[in-house]
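Undergrad: any chance you can model this:
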Amino acid sequence: MKAQLQMLTADERAQVHERSLKLLATTGVRVLSERGRQILRDAGAEVNEITHLVKFPRNLVEESLQLAPRKFNLGGRRPGWDLEMNAGYCNLLADGGAVSVLDWESGEIRPGTFDDWLLATHLIDAIDEIGVYWNMVEGGFSGKSLGNYVSYWRNLVKNCSKHIQDSSDSIQKSKILVDILQIVFGNKDTIRKTHPFSYILCPMSPLVIDDTYTDSYLETLGYDFPVAIMPMPLMGATGPASVISTLLLANSEALAMLCLVEAAAPGTPVIYAPIPQAVEPHTWRYTGGAVENSLFGAAVTEMGRFYNLPVEGSTGGTDQYYPGAQASYERAINWSLPSLASPDILVGPGLLGGSTILCVEQMVMDVEIFRRCIRLSEGIDVDPEKWLESSIADAGPGGNFLNQKSTLKAVRDGIWYLSEVGFHDTYEKWKAAGMPDVIDEIQSTVKNILKDYQPLPLDTQADRELERLERMVRELDN
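TA: Numbers count the residues shown, from 1 in each chain. Alright, predicted model coming up:
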């Protein structure tokens, strides 16, 4: 029996939806994008051009929900790397946004380098549980230079062959982005079919749709990029001071953006990805490790399932700046409930300090936590052959099961979850090995993962085209 979780009752999920409809119809959302407002006006929304407030009638929201596909794949450059959405299993997404790196050898938290970026990218590409890539750390590509933007993408597709999720902060970059994707993945029809890239749209809480990222997304229409809609209200700061009300706000913002996406291009694949989170109420800082985030993650997943949409959840943060007990228990607790709710994607391995610090050792530890959470979500297998009543009878009172064929078969079938991380032998062997800490073990694991790793080679002609594009764009920069 698969493990089951209910955070919100059916009636409570329906209430979140109904209250969201009321909020969107009466309070509305401020839409800063002029193009976005026109699209929504044409779709039947009530638009005030003076205040930029847009109110969404019930039928617009419900018709937009009907337009969003329930099944689609997220592809990648790697052959056969297709992540089926709404298929009942979960993958990790390597989070974006770290501004620093924890160097475990020195203990120093420092700015990221290209080598840090490359190591993290290779590790993500090598670990099967991480199915989606979002830039982990600044690696020397930042700034307004369009040449650096092309350089980032050229390095990325040469070193990672999985699905990529990201956004663009200018119309110029969006135009370059579709050129890059066509060079790497083929023509528009191929991109529409394989979905190698998905776009993140983040409404600003409370109740604002921005112009910069929205207009940049609208420039990509026609390529059928799946859109992860990711409002991020912070309970008590940019969201109201209760869990259910912050969830209501996040759901309303997600539905408003979904209406815009579907009005702009009906049938666009959408991933329901709100990230309501809790701030620390003494300093009003976002830290990432609040236990309420686990409740949010499970509730978001249930709301996504209420709409029968694929779900992307982000709850695995930590307040701690260093790997260890606190970072691990916060991550484990905050992933456990969402894992039982069964999202399609979980965001966040490898980041510390409110998702601002990259640590590759923590990334491997987080993958181990994720594996255990997934094992929990699988529950207890109660198929007829698992009851083993004949084995109990054969062993009889006072017997044992070590020499039974059913025990050997269970070992071969992987009934036990066997961890590849940490020390799992006797005290004597642990002492003889120098009493290693789990991080020492993980450093060996990182080296073993990358020892024989080679990124999937990029097509030579595609690399030349990207190099030519980078040269051309750098000339425009100058």
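Undergrad: so what does Ser100 look like in phi/psi?
TA: phi -140, psi 170 (degrees, to the nearest 10).
Undergrad: that one against Thr113, yeah?
TA: No. Counting by Cβ atoms under 8 Å, Thr113 is not a contact partner of Ser100; they are 10.9 Å apart. Any C-beta I mention is one placed from the backbone N, CA and C, and that applies to glycine too.
Undergrad: surely Val54 touches Gly44?
TA: No. Contact status for Val54 versus Gly44: not in contact, 10.9 Å apart, counting by Cβ under 8 Å.
Undergrad: out of these two, which sits in the more crowded spot?
TA: Between Val54 and Gly44, counting by other Cβ atoms under 10 Å, Val54 is the more crowded of the two (23 against 13).
Undergrad: partner strands of the helix or strand encompassing the more buried one, with direction?
TA: Using DSSP states H and E, Val54 sits within strand 53-55. Partners of strand 53-55 in the sheet, by DSSP bridges, are strand 29-31 (antiparallel), strand 46-47 (antiparallel).
Undergrad: how is this protein partitioned into domains?
TA: According to automatic domain parsing, the chain comprises the domains 66-378, 384-413.
Undergrad: export the ones you listed as JSON lines, with columns for distance to Arg13 and mean neighbour count.
TA: Formatted as JSON lines, those follow (distance: least, Cβ to Cβ, whole Å; neighbours: other Cβ atoms under 10 Å):
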{"stretch": "domain 66-378", "distance to Arg13": "4", "mean neighbour count": "21"}
{"stretch": "domain 384-413", "distance to Arg13": "33", "mean neighbour count": "11"}
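Undergrad: turn the ones you listed into TSV, including mean pLDDT and distance to Asp452.
TA: Formatted as TSV, the domains of the chain follow (pLDDT from 0 to 100; distance: least, Cβ to Cβ, whole Å):
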stretch	mean pLDDT	distance to Asp452
domain 66-378	94	9
domain 384-413	93	26
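Undergrad: wait, which of the ones you listed is closest to Glu465?
TA: domain 66-378 (4.5 Å; Cβ to Cβ).
Undergrad: got the contact list for the closest residue to Asp103 other than its chain neighbours?
TA: Using Cβ to Cβ, 6 or more residues apart in numbering and skipping residues adjacent in sequence, the residue nearest Asp103 is Arg110, 6.2 Å away. Applying Cβ atoms under 8 Å, 6 or more residues apart in numbering, we find Arg110 in contact with Ser100, Val101, Asp103.
Undergrad: could you measure from Arg110 over to Ile357?
TA: Plainly put, Arg110 is 10 Å away from Ile357 if you go by Cβ to Cβ, to the nearest Å.
Undergrad: do the same with Lys22
TA: Taking Cβ to Cβ as the measure, Lys22 and Ile357 are separated by 41 Å.
Undergrad: same check, this time on Phe225
TA: Distance from Phe225 to Ile357, counting by Cβ to Cβ: 30 Å.
Undergrad: and for Val473?
TA: Distance of Val473 to Ile357, given as Cβ to Cβ: 31 Å.
Undergrad: which residues of the stretch 351-478 of the chain fall in helices?
TA: Assigned by DSSP state H, counting those that start in this stretch, the stretch 351-478 of the chain shows helices spanning 360-378, 389-395, 405-413, 427-432, 438-451, 460-477.
Undergrad: chain center to the longest one: distance?
TA: Its chain's C-alpha centre and that of helix 360-378 lie 14 Å apart, by Cα atoms, centre = their mean, to the nearest Å.
Undergrad: helices and strands around it, which ones?
TA: Helix 360-378 is packed against strand 91-94, helix 114-126, helix 325-341, helix 438-451, with contacts defined by 3 or more Cβ pairs under 8 Å, 6 or more residues apart in numbering; DSSP states H and E.
Undergrad: same list (those) but as a markdown table, adding distance to Gly288.
TA: Output for those, formatted as a markdown table (distance: least, Cβ to Cβ, whole Å):
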| stretch | distance to Gly288 |
| --- | --- |
| strand 91-94 | 15 |
| helix 114-126 | 18 |
| helix 325-341 | 8 |
| helix 438-451 | 20 |
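Undergrad: contact partners for the most centrally placed residue in the chain?
TA: Residue closest to the average C-alpha location in the chain (Cα atoms, centre = their mean): Val347, at 3.3 Å. Shown in contact with Val347 (Cβ under 8 Å, 6+ apart): Leu92, Leu93, Asp95, Trp134, Ile275, Glu312, Gly313, Ser314, Gly316.
Undergrad: which strand residues bridge it?
TA: Leu93.
Undergrad: same check, this time on the one 10 residues further on
TA: Per DSSP bridges, residues listed as beta-bridge partners of Ile357: Ser100, Leu352.
Undergrad: separation between it and Ile109?
TA: Per Cβ to Cβ, Ile357 is found 6 Å from Ile109.
Undergrad: just to check, Ile191 is in contact with Gly222?
TA: No. The criterion here is Cβ under 8 Å, and Ile191 misses it with Gly222 at 9.5 Å.
Undergrad: shared neighbours, these two?
TA: What both Ile191 and Gly222 touch, as defined by Cβ under 8 Å, 6+ apart, is an empty set.
Undergrad: gap between stretch 190-201 and the chain center?
TA: Counting by Cα atoms, centre = their mean, stretch 190-201 is centred 15 Å from the centre of its parent chain.
Undergrad: show me the contact partners of it.
TA: 72-77, 82, 132, 134, 163-168, 177, 181-182, 184-185, 213-214, 217, 220, 223-230, 257, 261, 269, 271, 273.
Undergrad: how about stretch 50-60?
TA: Stretch 50-60 is contacted from outside by 21, 24-32, 37, 40, 43-48, 255-256, 259, 263, using Cβ under 8 Å, 6+ apart.
Undergrad: buried only: go through those residues for me.
TA: For those, a burial check counting by 16 or more other Cβ atoms under 10 Å picks out 21, 24-25, 28-31, 37, 40, 43, 45, 47, 255-256, 259, 263.
Undergrad: for the closest residue to Gly236 other than its chain neighbours, what are phi and psi?
TA: With sequence-adjacent residues excluded and distances taken as Cβ to Cβ, 6+ apart, Gly236 is closest to Val279, at 5.4 Å. Per-residue torsions, Val279: phi -90, psi 170 (degrees, to the nearest 10).
Undergrad: and Val279, what are its bridge partners?
TA: Under DSSP bridges, the beta-bridge partners of Val279 are Tyr286.
Undergrad: just checking, it touches Leu234?
TA: Yes. The criterion here is Cβ under 8 Å, and Val279 meets it with Leu234 at 4.8 Å.
Undergrad: hey, what's in contact with both of the two?
TA: Counting by Cβ under 8 Å, 6+ apart, the contacts common to Val279 and Leu234 are Tyr286.
Undergrad: any idea how far Ser167 lies from Ile200?
TA: Note on Ser167: its distance to Ile200, by Cβ to Cβ, is 5 Å.
Undergrad: and if you look at Phe141?
TA: For Phe141, the distance to Ile200 - Cβ to Cβ - is 17 Å.
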